Structures are given as structure tokens and as C-alpha cells.
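> sequence unknown, structure follows:
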Ligand SMILES: Nc1nc2c(ncn2[C@@H]2O[C@@H]3COP(=O)(O)O[C@H]3[C@H]2O)c(=O)[nH]1
Ligand SMILES: [Zn+2]
């Protein structure tokens, strides 16, 4: 019971759980939101679906099943904290939770820029347009149609899920955030356009929400992310491809990577969602502000150390 309540908050610690346990926790999320009764989903169907999802995440440093779990759990937490059940329909919540679950399926550990520069199969298949996100959608469709054969319900929901997954391409970040900003002052939960943008924003927020978690949970995630980044830039150097600057081990460090990401990406996005749901301030905005302080201090300390080192040199 205590775990069930914990699961509804951003302070949940994923590092304490095995993958098999995470599958059970995901099942709890679907049942506690009453999706099984509302949509006549059979428990073994749900379990098969979750297991297929698990099997289609790769063993890579960051974009793995644990990341999928964290994003889904954050989405679940946000739904409870904002009392979203009283504002949106059940089907919308099902779409959002399932989008979070499927949003990085079969991620290869190299981002879109790499796919395009290296002219990978994915980039060729999708004509350089959000190759990864299109692939996550394709894999999600394969899994969903295997579990829910010939279901009209599936075809109706899946296109909304695709729109949410495609919105996680960070190349579209400003486009989506700006749309939300414009709607914000007169936001209407009954307006279909407004609802769609909000759903995309919630998936995006969940996707990049590690820094809203307690430092002990968030910092290991940063190590995983940098490991994947460095791995990509090393490959780029090896293959003579353009080196992605924010992934270059010679240029970025933990604090430098976080201070700019928090300032320019997280805070503007989280602030906008907090305007619509003021209760989120203490749950996601304040922890992110604390993380910015933490990494700014770390950045300053490193700089001072380097300067001292510099003056001592002959
Ligand atoms: N620097 C930094 N980037 C992040 C963090 N969390 C997510 N991102 C970036 O945001 C991106 C979201 O989409 P991707 O999963 O493709 O890749 C992710 C990372 O590039 C973070 O904590 N720090
Ligand atoms: Zn992701």
C-alpha cells in the first residue's frame, strides 16, 4: 500500500527495483487508473503487452527499459497530482500513459542527428524526418496490433499515441511549447486542440523529468545519459562524422551539461505547465531549481579549481 502511494509521486526511486518488479508496478498503474474495467482489457492481455514492451527496449546506458519505466511513472504521478481524472476523459489518460510507455521503443542509443549523418537504415526509411520517433511508433504499432488483433478501438487510439510520441522529438520542442504558451491564458480542457497540445506537453515533461526527482535518483541518470552521449560522439569521431557538441567528452561535463539544459529547456517548459497546474510548483519546479543551484555551484567550484591550478603552473 505504501509503495502504491509512493508510485504516485515524483520522489519514487526506480533504482530500488528489479525489472520484473517494474513490470508489476506498471500493471498497478494501469489497474489503479481503472483502465482494465473502463476499456474491457483482460489482465493477461495487459501483461503480454507490458512484457512485449519490456522486450523491445535495448540494453543501452540511457534509453532503456528503466527510462521507459521512469517516464511512465512520472506521467502517472503527474496525473494524480494534477487530479487529471477530473479534467480529461479516461481514454485521454490511457493514451498518455501508453505513449510514455512506448515513446522510446527499440532506441539504438544514437540520436536523430547521428541517424541522419550516418545515413542509417532508419534515416533512409523515414526520409530524415524524426527517424527515431517514427521508429518508436512503428514498433509500438507492431506490439499493440499483436496484442489487440483487429480492434477498432486500437485504430482509434493509436493515432493519438503516435502524435504524442512524435512530439518527443526535441527538434520540435519550441514549436510545441510555443503552441501551449499561446493557449495557456484561455486554456480549455474541452477544446480538442488544447487537449492535444496538453497531452504532448505532459509526455514531453515526463520524458525529460529526471532532474525533478531527488538528487540521489537523478544523478545516476545523468551518468547514464552522458555515457550514451560520449559513446555517440566517440563513434562520430571514429567514423569522421560531424561531432555533436553537447555529446563531446572534451567539451561537456556533468555541471555544464545540466546548467544549460535546466536553464534553457527544463525551466521554461516546467514553468509553463505549472501555470496551468500551480500545485506542480513544489513537486517539479522547485526540485529542478534546486538542481540548477547544485550544478551551478559544482560548475563554479570546478572553474575555481582550474583557475587555481592555472596560476600555480610555472
Ligand atoms: N543535458 C541533459 N539532457 C537531457 C536530460 N534529460 C533529457 N535530456 C535530453 O533531452 C532529450 C529528450 O529526447 P531524447 O530522449 O532523444 O534525448 C534526450 C536528451 O538529449 C538531462 O538531464 N540533461
Ligand atoms: Zn525518452
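Received, thanks. The structure displayed is predicted, hence computed values, not measured ones. Ligands and ions are numbered 1, 2, ... in the order given.
> quick one, phi/psi of residue 85?
Listed backbone geometry of residue 85 is phi -60, psi -20, with angles given as degrees, to the nearest 10.
> that one: how many residues sit nearby?
For residue 85, the tally of surrounding residues (other Cβ atoms under 10 Å) stands at 14. Backbone N, C-alpha and C define where each C-beta goes, glycine included.
> could you do residue 55 as well?
As a burial measure, the neighbour count of residue 55 was computed by other Cβ under 10 Å and equals 11.
> for the residue most central in space within the chain, give me its contacts.
By Cα atoms, centre = their mean, the mean C-alpha position of the chain lies nearest to residue 207, the distance being 1.4 Å. Shown in contact with residue 207 (Cβ atoms under 8 Å, 6 or more residues apart in numbering): 71, 100, 103, 168.
> from memory residue 198 sits against residue 184, does it?
No. Under the criterion of Cβ atoms under 8 Å, residue 198 is not in contact with residue 184, lying 9.9 Å apart.
> circling back: the contacts of residue 207: which ones sit near ligand 1?
When Cβ under 6 Å from any ligand atom is taken as the criterion, the members of the contacts of residue 207 that contact ligand 1 are residue 168.
> distance of residue 76 from residue 182?
In this structure, residue 76 and residue 182 are 28 Å apart, going by Cβ to Cβ, to the nearest Å.
> can you list the residues of the chain near ligand 2?
Counting by Cβ under 5 Å from the ion, the chain comes close to ligand 2 at 104, 207.
> where is the longest helix in the chain?
Among the elements of type helix in the chain, defined by DSSP state H, the one spanning the most residues is helix 286-312.
> packing partners of it?
The criterion is 3 or more Cβ pairs under 8 Å, 6 or more residues apart in numbering; DSSP states H and E, and the helices and strands that helix 286-312 contacts are helix 215-239, helix 254-261, helix 267-276.
> mind listing what's buried along the shortest one?
It stands for helix 254-261. Neighbour-count burial for helix 254-261, counted by 16 or more other Cβ atoms under 10 Å, picks out 254, 255, 256, 257, 258, 259, 261.
> could these be laid out in a markdown table, adding pLDDT and distance to residue 194?
Conversion of the buried residues of helix 254-261 to a markdown table gives the following (pLDDT from 0 to 100; distance: Cβ to Cβ, whole Å):
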| residue | pLDDT | distance to residue 194 |
| --- | --- | --- |
| 254 | 96 | 37 |
| 255 | 97 | 37 |
| 256 | 95 | 37 |
| 257 | 97 | 33 |
| 258 | 98 | 32 |
| 259 | 98 | 33 |
| 261 | 98 | 28 |
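> quick one: which of these is nearest ligand 2?
Checking the buried residues of helix 254-261 against ligand 2 by Cβ to the ion gives residue 261 as the nearest, at 13.9 Å.
> roughly how far is stretch 194-206 from the heart of the chain?
Its chain's C-alpha centre lies 12 Å from the corresponding centre of stretch 194-206 when counted by Cα atoms, centre = their mean, to the nearest Å.
> quick one: mean pLDDT for that stretch?
Stretch 194-206 shows a mean pLDDT of 98.
> cool, and stretch 157-168?
Regarding stretch 157-168, the rounded mean pLDDT is 96.
> list the contacts of it.
For stretch 157-168, with Cβ under 8 Å, 6+ apart as the criterion, the contacting residues are 91, 94-96, 98-99, 102-104, 130, 133-134, 136-137, 140-141, 144, 172, 176, 196, 199-200, 203-204, 207.
> buried subset of these, written for ChimeraX?
Below is the selection syntax for ChimeraX that covers the buried ones among these, with 16+ other Cβ under 10 Å defining burial:
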select :94,95,96,98,99,102,103,104,130,133,134,136,137,140,141,144,176,196,199,200,203,204,207
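> identify those among the contacts of stretch 157-168 that sit within helices.
Among these, the subset assigned to helices under DSSP H consists of 91, 94-96, 98-99, 102, 133-134, 136-137, 140-141, 144, 176, 196, 199-200, 203-204, 207.
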